[in-house]
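Participant: Sequence and predicted model, in that order:
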Amino acid sequence: MTSLAARLMERPGRSAGWFILLHAALWWLVPHLTQANLPLDVVEEIAWARDPQWVYHKHPPLPAWLLAGADWLSGGSAAVIQLLSPLALAAAFWAMWRLGCRLLAPAPSLVALLLLEGVTFFSFQAAEFNHNIVQVPLWALAALALWNGLTRDRLADWALLGLWAALALYGKYFAGFLLLALLLFLLLEPTVRRCWRRPGPYLAAAVALLLLLPHLLALWRLDFLPLRYAMERTTPAEGLWQRLWFPLDFALAQVLGVAGTLAAAWLLPRGEPPLLPAETPPPLARRYLLWLAVAPCGLVLLASLLLGAGFRPLWGMPLWIFLPLGLLALWPRSVTAPGLVRALALVGAVGLGGAAFYLGYLVYPALTGRVARVDYPGPQLAEAAVATWQKETGGAPLDFVAGPVWEAGNVAFYGSRTALVVIDGVLARSYWIDPETLRRAGVLLVWPEGQDPTGWLIPLRAAAGLAGPRGERTVTLDWQRGGAAVPPLVIHLAVIPPAGVAGAD
């Protein structure tokens, strides 16, 4: 086994490439095998992305844009859509590897890269493409661009920093913690303050603001709706104890997510013979890596404390792309061959254990009688919904679907290449849909058993001047996995036909 460790270190670049490729292949294959239906975040984002906008009611638009591109290029292929998450992590791993090569050396950078397999946020918790995952490569690329700008003093590097910063904010506003950390480094680190006398930082800011301008204008028009949604998603503290508990709870969840990497880093110097000598990075490089590994998380914890807000654990996903580099900078010890082998066995167990956990979805419904959203009968629901629409409208094109975003999004994705979704049946959440166009085209209504649709249907009809629904139908569908062990799904369908269709007015 020690010979394996030695071979890995002989050509670090090749080993890094193979690791990134294998990680991406594994975490494309596992979701592809287990997700009989696309998951919630993906279905919802594609529902938004059918009409690309500069901002949506919940989030900034970058993940929706990327999903729209994958959906359009592949003709709705789930296999292609499922590539986005592993490709995002592959880009993040590459950028982290390049950052390590620039600040340390290729061999320790490879060790840091391999240790990322022990971070659960980058394995089974990243199997669903969303706003958390899209940030990870952009954080790594922004950190790399800043270092290049500081050390090479090329305007192109500063312009790239502005690009990655803007895209990170287009991904999720949580990226503000990274950008604040980078700004503080430029202000607090004495050896780099002279950069403010050069045009680089101002160019980065100008590029970022220029790229963000359409988004900022859209936010203004929507009265900053996504920011209000973000605050609503946090849990407000009730009293001093809860204010203190929220950051501690978030920190504990993050420690659990990175425990495999922490333990593997501890194993690296154990045993004989030495494989890589202990190398202390240059002082500035060491401080930068430690800052990247610690400062963004510290700012998150501080914000949680000061705001009395409970942040969700998965929001911390991008925080840990720099962790292994920070550990090597903090603790510059020699790496032994047995220590590296044991560390790789540990992080490999974390990664493969996550894959095994996910593969359990294949038998979980039949064994337990419980199902997950990835077992949802989306294609079958779409087939029944389209048939209902065709019957009631005489074959008119299906342009709009309204209802809870999960049900309506599944109908739109699996049943039509062009239908737009009235998100949750609320026009204000699909502000790009013109009410008059909706009235002329008609709309298919869908809602689950047990929900009263009048709460959204009555306002929708009033806002768009819609006629009353007709052809209400109840469909009973079997989940895609679980068989007789799982109770069937009951869904309601109804049609408001296009204006001009007999009985529509």
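Facilitator: Structure received. Values in this document were obtained by computation on a predicted structure and should not be read as measured data.

Participant: List the buried residues of stretch 315-332.
Facilitator: Buried residues in stretch 315-332, counted by 16 or more other Cβ atoms under 10 Å: 315-329, 332. Where C-beta positions appear, they are placed from N, C-alpha and C, glycine not excepted.

Participant: Show me this structure divided up by domain.
Facilitator: Residue ranges of the domains in the chain are recorded as 2-35+82-360, 373-496, according to automatic domain parsing.

Participant: need those domains in a markdown table with distance to Trp54 and mean pLDDT, can you?
Facilitator: Output for those, formatted as a markdown table (distance: least, Cβ to Cβ, whole Å; pLDDT from 0 to 100):
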| stretch | distance to Trp54 | mean pLDDT |
| --- | --- | --- |
| domain 2-35+82-360 | 4 | 93 |
| domain 373-496 | 10 | 95 |
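
Participant: what's the closest of the buried residues of stretch 315-332 to Ala205?
Facilitator: Distance to Ala205 across those (Cβ to Cβ) is lowest for Pro318, with 21.2 Å.

Participant: and that closest one, what does it touch?
Facilitator: Applying Cβ atoms under 8 Å, 6 or more residues apart in numbering to Pro318 gives the contacts Asn132, Gln135, Val136, Leu138, Trp139, Phe174, Ala175, Leu178, Pro296.

Participant: Looking at these, spot the one nearest Thr454.
Facilitator: Among those, and counting by Cβ to Cβ, the member closest to Thr454 is Asn132, at 34.9 Å.

Participant: Tell me which residues of the strand or helix carrying that closest one come out buried.
Facilitator: Assigned by DSSP states H and E, Asn132 belongs to helix 131-152. Neighbour counts over helix 131-152 (16+ other Cβ under 10 Å) mark 131-150 as buried.

Participant: what do you get for stretch 487-505?
Facilitator: Leu489, Ile491, His492, Leu493, Ala494, Val495, Ile496, Pro497, Pro498, Ala499, Val501, Ala504.

Participant: For the third one, give me its contacts.
Facilitator: When contacts are counted by Cβ under 8 Å, 6+ apart, His492 touches Leu445, Val446, Trp447, Pro448, Glu449, Pro453, Glu472, Arg473, Thr474, Val475.

Participant: what do you get for the second one?
Facilitator: With Cβ under 8 Å, 6+ apart as the criterion, the residues that contact Ile491 are Leu381, Ala384, Glu407, Val446, Trp447, Pro448, Glu449, Thr474, Val475, Leu477.

Participant: Quickly note the distance from Arg198 to Leu83.
Facilitator: For Arg198, the distance to Leu83 (Cβ to Cβ, to the nearest Å) stands at 40 Å.

Participant: if you count what's nearby, which of the two comes out ahead?
Facilitator: Leu83 (20 against 14; other Cβ atoms under 10 Å).

Participant: quick one on the thing from earlier: roughly how far is the helix holding Asn132 from the heart of the chain?
Facilitator: 16 Å (Cα atoms, centre = their mean, to the nearest Å).

Participant: C-alpha coordinates for that helix, CSV please?
Facilitator: C-alpha atoms of helix 131-152 as CSV (Å, rounded to 0.1, in the frame of the first residue of the first chain):
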residue,chain,number,x,y,z
HIS,A,131,-27.6,27.2,-5.0
ASN,A,132,-25.2,25.8,-2.4
ILE,A,133,-23.3,23.7,-4.9
VAL,A,134,-23.0,26.3,-7.6
GLN,A,135,-21.1,28.5,-5.1
VAL,A,136,-18.3,26.1,-4.4
PRO,A,137,-16.3,26.5,-7.6
LEU,A,138,-16.9,30.2,-7.7
TRP,A,139,-15.5,30.6,-4.1
ALA,A,140,-12.4,28.6,-5.1
LEU,A,141,-11.9,30.5,-8.4
ALA,A,142,-12.3,33.9,-6.6
ALA,A,143,-9.7,33.0,-4.0
LEU,A,144,-7.3,31.8,-6.7
ALA,A,145,-7.9,35.0,-8.7
LEU,A,146,-7.2,37.2,-5.7
TRP,A,147,-3.9,35.5,-5.0
ASN,A,148,-2.9,35.8,-8.6
GLY,A,149,-3.8,39.4,-8.6
LEU,A,150,-1.7,40.1,-5.5
THR,A,151,1.3,38.2,-6.6
ARG,A,152,1.4,38.8,-10.4
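
Participant: Contacts for stretch 170-181, please.
Facilitator: Contacts of stretch 170-181 (Cβ under 8 Å, 6+ apart): 59-63, 131-132, 134-135, 138-139, 142-143, 165, 168-169, 211-212, 215, 226-227, 230, 291-292, 295-296, 299-300, 303, 315, 318-319.

Participant: just how off-centre is it within its chain?
Facilitator: Centroid separation for stretch 170-181 versus its chain: 14 Å, with Cα atoms, centre = their mean.

Participant: can you check stretch 347-358 too?
Facilitator: The chain centre lies 20 Å from the centre of stretch 347-358; the measure is Cα atoms, centre = their mean.

Participant: For the contacts of Ile491, give me JSON lines that also has distance to Leu275.
Facilitator: Below are these laid out as JSON lines (distance: Cβ to Cβ, whole Å):
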{"residue": "Leu381", "distance to Leu275": "55"}
{"residue": "Ala384", "distance to Leu275": "61"}
{"residue": "Glu407", "distance to Leu275": "55"}
{"residue": "Val446", "distance to Leu275": "59"}
{"residue": "Trp447", "distance to Leu275": "61"}
{"residue": "Pro448", "distance to Leu275": "57"}
{"residue": "Glu449", "distance to Leu275": "61"}
{"residue": "Thr474", "distance to Leu275": "66"}
{"residue": "Val475", "distance to Leu275": "62"}
{"residue": "Leu477", "distance to Leu275": "57"}
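
Participant: Most neighbours among those residues, which one is it?
Facilitator: The most crowded member of the contacts of Ile491, judged by other Cβ under 10 Å, is Val446 (29 neighbours).

Participant: strands paired with the strand or helix carrying it, and their directions?
Facilitator: Val446 belongs to strand 443-448 when elements are defined using DSSP H and E. The strands beside strand 443-448 in its sheet (DSSP bridges) come out as strand 400-403 (parallel), strand 489-496 (antiparallel).

Participant: got the CA coordinates for that strand in CSV?
Facilitator: Output of strand 443-448 as CSV, limited to C-alpha atoms (Å, rounded to 0.1, in the frame of the first residue of the first chain):
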residue,chain,number,x,y,z
VAL,A,443,-54.0,27.0,-17.8
LEU,A,444,-53.8,23.4,-16.4
LEU,A,445,-54.3,23.2,-12.7
VAL,A,446,-52.7,20.5,-10.5
TRP,A,447,-52.7,20.0,-6.7
PRO,A,448,-52.2,17.1,-4.3
